[in-house]
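Trainee: Next comes the sequence, and after it the predicted model I'd like to discuss.
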Amino acid sequence: MSEAALAGDRLAALLDERTHANRTFFDAEAERLARLCHLMAERFARGGRLIAFGRTPAARSDARHVAVEFVHPVIVGKRALPAIGLAGEGGRLEGQVDLIAQPDDVAMAFGADADDGEAAGALAIARARGCLTIGFSACGAEWEFVAPSDDPFVRQELVETLYHVLWELVHVFFDHRGLLSGRDQRQTHDAGASSFLYPFLAEREDQLEPVVDDVRRSALMKAEEIGALREQTLRENGPSLLAAAGALRRALESGGKLLALGNGGSATDAMDVVADFRAGFGDGRGWPAIDLTEDPAILTAIANDIGTEAIFSRQVIAYGREGDALLALSTSGNSLNVIEALAEAQRRGLVTIALIGYDGGRIGSEGLAAHVVVTRSEHIPRIQEAQASAYHALRALVG
């Protein structure tokens with residue numbers, strides 16, 4: 001069998017594993033997710049915050065990702081909710097959580113099974129203080145969600161979908177304030193313009209179980225949606241992913257490095273990409289990679305003195321060399337700073353790879369990257385989840 005055929009079979013196997021794990025995980029956890037959404041809404045209603053934390057590079061990316069989703073909601077009509085992401089650059093996690101956590105907060109730990117107990121220790125401090133605690137391993141949290149896979153990439157993808165679903169559906173309970181402890185009950189709620197999205201918003205507000213059941217079903221629908229979108233992304237873009245993996249491996253084996261970038265949640269995905277490439281995969285080696293979103297001093301200096309459109313292209317000029325590679329993540333395909341970075345990378349002879357959503361935007365229609373992977377959705381959380389599968393598959397194919 002040819003090398004290309006073997007790579008194609010490998011990509012198909014990666015998709016099959018994700019499809020099975022996604023269905024198994026959310027079929028088992030949907031009701032618990034719905035009840036956790038209710039408890040989180042109660043905490044936020046009492047003035048609590050989400051405190052997410054993780055020490056390892058990969059865990060740090062998830063802590064930052066869930067925090068930015070809650071603080072900067074990308075779905076019109078969703079309220080901003082207070083959240084903070086804590087990582088190793090702030091010192092030991094136990095000390096940071098001890099200083100910041102308050103009894104009404106929600107504490108979410110990432111990597112508690114992989115970082116010498118630091119995140120687990122921080123989680124224990126938060127739980128003792130009265131926080132609602134969430135973890136993704138057997139780490140001592142009140143609410144533990146353990147993904148059914150031995151593959152760390154698959155586990156991360158399932159966890160990302162899980163915290164996106166929590167973020168999306170916790171808002172449902174704000175529209176049923178009578179179901180939140182400490183809030184005034186209103187017997188009915190006019191769903192108004194939201195009814196086409198969540199028709200169950202008109203339920204009576206003194207009946208928790210019907211709302212929980214509707215939220216459970218909504219979680220299952222979202223899990224089914226990402227399953228279909230992941231399949232579209234990996235199957236339809238299979239040739240592009242295989243070509244990108246081949247070009248990237250040749251660049252890295254020839255002494256090149258990978259640069260990665262994105263905005264908002266896509267910036268945290270760039271963090272994850274760099275963490276994955278720096279770490280050894282299986283029995284293989286790690287590869288040199290630079291996260292262009294990592295240094296706030298550089299980003300704010302360029303944004304302040306030149307403009308936000310140059311925050312990545314200036315770094316491509318500084319770090320990029322012919323024979324390197326640039327991986328750009330964008331949900332829209334239209335972000336000017338991403339477009340400028342890709343243009344600069346092409347001028348300098350870098351291999352260019354773009355993971356984009358919607359219909360591909362300008363990046364897709366104008367051919368602004370040599371290798372383009374399009375996730376055909378307009379729902380930003382689902383796009384990011386499918387893109388995580390794409391760049392994890394890319395990492396696996398590079399080896």
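Mentor: All right, it came through fine.
Trainee: Could you use CA atoms for every contact and neighbour count after this?
Mentor: OK.
Trainee: Distance check, the residue nearest to Phe153 when sequence neighbours are not counted against Arg230.
Mentor: With sequence-adjacent residues excluded and distances taken as Cα to Cα, 6 or more residues apart in numbering, Phe153 is closest to His392, at 6.3 Å. Counting by Cα to Cα, to the nearest Å, the gap from His392 to Arg230 is 12 Å.
Trainee: which residue is nearest the middle of the chain?
Mentor: Glu160 (4.9 Å; Cα atoms, centre = their mean).
Trainee: Now for it: which residues touch it?
Mentor: With contact set as Cα atoms under 8 Å, 6 or more residues apart in numbering, Glu160 has these partners: 62, 385.
Trainee: at 7 Å what do you get?
Mentor: Residues in contact with Glu160 (Cα atoms under 7 Å, 6 or more residues apart in numbering) are Glu385.
Trainee: Checking my notes, it in a helix, right?
Mentor: Yes: residue state for Glu160 (DSSP: H, G, I helix; E, B strand; the rest coil) corresponds to a helix.
Trainee: quick revisit: what's the neighbour count on the residue nearest to Phe153?
Mentor: 22 (other Cα atoms under 10 Å).
Trainee: what's the burial count for Ala28?
Mentor: 12.
Trainee: Quick check: the gap between it and Ala147.
Mentor: 10 Å.
Trainee: For Ala41, give me its contacts.
Mentor: Ala41 touches 170, 173-174, counting by Cα under 7 Å, 6+ apart.
Trainee: Helix or strand: which one has it?
Mentor: Per DSSP states H and E: Ala41 is located in helix 3-45.
Trainee: what's around the nearest residue to Gly90 once chain neighbours are set aside, how many residues?
Mentor: Of all residues not flanking Gly90 in the chain, Gln96 sits nearest, at 7.2 Å (Cα to Cα, 6+ apart). Gln96 is flanked by 16 other residues according to other Cα under 10 Å.
Trainee: Torsion angles phi and psi at Gln96?
Mentor: Here is the backbone geometry of Gln96 (degrees, to the nearest 10): phi -70, psi -50.
Trainee: Now do the buried residues in the helix or strand containing Ile317.
Mentor: Assigned by DSSP H and E, Ile317 belongs to helix 313-319. For helix 313-319, burial by neighbour count (16 or more other Cα atoms under 10 Å) applies to 313-316.
Trainee: ok, now stretch 117-132?
Mentor: 118-127, 131-132.
Trainee: Quick check: of those residues, which lies closest to Thr352?
Mentor: Relative to Thr352, the closest of those is Ala119; by Cα to Cα it sits at 35.9 Å.
Trainee: about what we covered before: can you tell me how far the residue nearest to the centre of the chain sits from Asp62?
Mentor: Counting by Cα to Cα - Glu160 and Asp62 are separated by 7 Å.
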